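In: take a look and give me a structure for this.
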Amino acid sequence: MPCQSCTNKRREFRKPGNQPEFTTQEIRDSRIEQEPAIVQPFRDGKLSRRYVEANGTKYIHVSDKEVKEAMSNPDVWNGMEGRFYDE
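Out: Alright, predicted model coming up:
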């Protein structure tokens, strides 16, 4: 069991925040342009609105209810750390 001093140090410790990304603007633009090809259809079992808007449902098996729910809610990928852009 850690001593009080070590416990206090652990409480004060902060994980690193967003790290600076060392890349060119061309690569950033390319990531945004290519996102429809690489976005995943599901996150934690929920359908991605961006995926449906970009690719439709031709290659995935989903119900009309799942599509309607995905289209009426914010995308499951919004707010992710490390995303190249958020709506």
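In: now do the longest helix seen in the chain: which elements does it pack against?
Out: Ranked by residue count, the top helix of the chain under DSSP state H comes out as helix 25-38. Secondary-structure packing of helix 25-38 (3 or more Cβ pairs under 8 Å, 6 or more residues apart in numbering; DSSP states H and E): helix 49-55. Where C-beta positions appear, they are placed from N, C-alpha and C, glycine not excepted.
In: now the helices for this protein?
Out: Using DSSP H, helices in the chain cover 4-12, 25-38, 49-55, 64-72.
In: need the winner for burial among those helices.
Out: Here the criterion is mean neighbour count by mean count of other Cβ atoms under 10 Å, and of the helices of the chain the winner is helix 49-55, at a mean of 18.
In: run through who's touching it.
Out: Outside of helix 49-55, the residues within contact range by Cβ atoms under 8 Å, 6 or more residues apart in numbering are 35-36, 39-41, 60, 67, 70-71, 73-77.
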